[in-house]
Each structure stands twice: as structure tokens, then as C-alpha cells.
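Undergrad: Fold the following and give me the result.
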Amino acid sequence: MHSPAALPESHPVAPDSGWWAVCLCAGWCGTCRDYRPLFDELARAHPGVRFEWVDIEDESEIADDLDVETFPTLLIADGRRALFLGPLLPQAPVLARLLASLQAGAAGATGAGGEAQEVFERVRAARG
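TA: Numbers count the residues shown, from 1 in each chain. Below you'll find the predicted structure:
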């Protein structure tokens, strides 16, 4: 098992990139621990996207009153709008396809709703 200090919390991206992929997880969750290396691999494969790993218990102010029922829960945003918030199968290809699909349709996409936008604003404030 890796210590939290050994795992980077974020992955730097080019300053002009607005895309964010945020995994909302919990340190006690075995599925999240198994998913972390895949998430980090995706971050390396998508240097134009800012990948953030948020332990919702250690950083409870980010999740606030969001009721995360299933881990991992992903938040995808284009820099201004949260476009997706929900549970996702813990498989790298699933997140890669979702990200590509959202990026391809971003211009005409509607946001994921008020709660998702509020969570994104808190993530951006904490990690921006």
C-alpha cells in the first residue's frame, strides 16, 4: 500500500488547459486504491487535462453536503462548467471514453447541474 505522501495529489498541465477530471474517493475504499494507478496513468496520457484526486473525508469542505454513494465518483469540467458528476466504472478506458466524448461535444453541452457546478467551484478554489 502506498502512503498518501507518495502519491501526487494533482498533475500539472499547460496553463491554457481548462479541462479537469476529478476523482472523489475515500482512503478506506479498496476500489479507489486499486483505481488510483489507472487514474494516474490516464493523467500522464492526457497532459492537457488537469487530473485531481480528492479524498472526500480528508477534504470534506470540497464535497460539502454532496452525498457520494458509490466510489469512485468522477467530476469532469471544461474549466468553466461541470459537465459530468457521477459514479464511473473503475476502468481507465471508461474514463478515457467519457472524457473524449465530453471534449468532442463541449461546445453544445449543457452543464451537469447546480450541485455538480458547486462541487467544481470548490475543487477549483481548493486546488486552483
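Undergrad: For the rest of this, base every contact and every neighbour count on C-alpha atoms.
TA: Will do.
Undergrad: What helix or strand is the one residue sitting closest to the centre of the chain located in?
TA: Taking Cα atoms, centre = their mean, the centroid of the chain lies closest to residue 22, which sits 1.1 Å from it. Using DSSP states H and E, residue 22 sits within strand 19-25.
Undergrad: circling back: ok, now which ones touch the residue nearest to the centre of the chain?
TA: 51, 52, 53, 54, 74, 75, 76 (Cα atoms under 8 Å, 6 or more residues apart in numbering).
Undergrad: quick one: contacts for the closest residue to the first one other than its chain neighbours?
TA: Going back to what we said before, that points to residue 51. Spatial nearest neighbour of residue 51, chain neighbours left out: residue 21 (4.8 Å); criterion: Cα to Cα, 6 or more residues apart in numbering. Neighbouring residues of residue 21 by Cα under 8 Å, 6+ apart: 49, 50, 51, 52, 74, 75, 76, 77.
Undergrad: tell me the pLDDT at residue 21?
TA: The model reports residue 21 with a pLDDT of 96.
Undergrad: Sketch out the low-pLDDT regions of the protein for me.
TA: Applying pLDDT under 70 to the chain flags the ranges 1-17, 106-108.
Undergrad: where do the helices sit along it?
TA: For the chain, helices defined by DSSP state H occupy the ranges 30-45, 60-63, 92-105, 114-127.
Undergrad: For residue 82, find the nearest of the ones you listed.
TA: The closest of the helices of the chain to residue 82 is helix 114-127. By Cα to Cα, the value is 5.1 Å.
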